[in-house]
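Peer 1: let's see this in three dimensions:
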Amino acid sequence: MKKIQYLLFILFLMPLSLFAQWGQSHEDEVLTSDTWEILSKVKYKLSYDEYGEVYKPIFGDEIKKLEGKRITLPGYIIPFDGMFKPNHIIISSLPIAACFFCGTGGPESVAEVFLSKDIKYTESPVKISGILELNSDDYEKMMYIIKDARFEGKAF
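Peer 2: Okay, the predicted model is just below:
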């Protein structure tokens, strides 16, 4: 009898859990891709400038191979007061609560994006493609810059 009760439990409750996950939001997921994985392999070297210590990115060969090429990144648009412009955004592989600026993510988890056409802000994950530029010297900008970028749609 217990086996029948267990079987009935499995048959009726398992589908309910699947339906609960069906409409699940993706707004808190880490967005991974082969490109984000490669970009995460950056190393840092302690340097000094007129303000003190800085960590200068050292790009390995795998990252350097992407420079000047069109890449695609899924990510979250990071809203900054007074900074968000429809054609100049920051994209993060991490949700806002965990991104480089607000949480535990490192600088390799974000990219500065210059879009060829305006985009509307959304909290939903998006997909962006553009030409990768590596930046290790200008500390006013991100180390990954995506130029001539296009909005490719939602990430999911």
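
Peer 1: partner strands of the top strand by length along the chain, parallel or antiparallel?
Peer 2: The longest strand of the chain (DSSP state E) is strand 144-154. According to DSSP bridges, strand 144-154 has the following sheet partners: strand 110-115 (parallel), strand 126-134 (antiparallel).

Peer 1: which among those is found nearest to Glu67?
Peer 2: Closest approach to Glu67 among the strands paired with strand 144-154 (Cβ to Cβ): strand 126-134, 5.0 Å. C-beta: built from backbone N, CA, C; applies to glycine.

Peer 1: would you check how far apart Lys65 and Lys120 are?
Peer 2: Distance, Lys65 to Lys120, using Cβ to Cβ, to the nearest Å: 33 Å.

Peer 1: can you tell me what sits against the longest strand of the chain?
Peer 2: Strand 144-154 is contacted by residues 39, 71-73, 91, 108, 110-117, 119, 124-135 when judged by Cβ atoms under 8 Å, 6 or more residues apart in numbering.

Peer 1: Glu112 contacts Glu140, doesn't it?
Peer 2: No: look at Glu112 against Glu140 with Cβ atoms under 8 Å: they stay out of range, at 10.1 Å.

Peer 1: quick one, which of the two is more surrounded?
Peer 2: Glu112 (18 against 5; other Cβ atoms under 10 Å).

Peer 1: and Lys120, what element?
Peer 2: Using DSSP states H and E, Lys120 falls within no helix or strand.

Peer 1: contacts only, for it.
Peer 2: Lys120 neighbours (Cβ under 8 Å, 6+ apart): Pro86.
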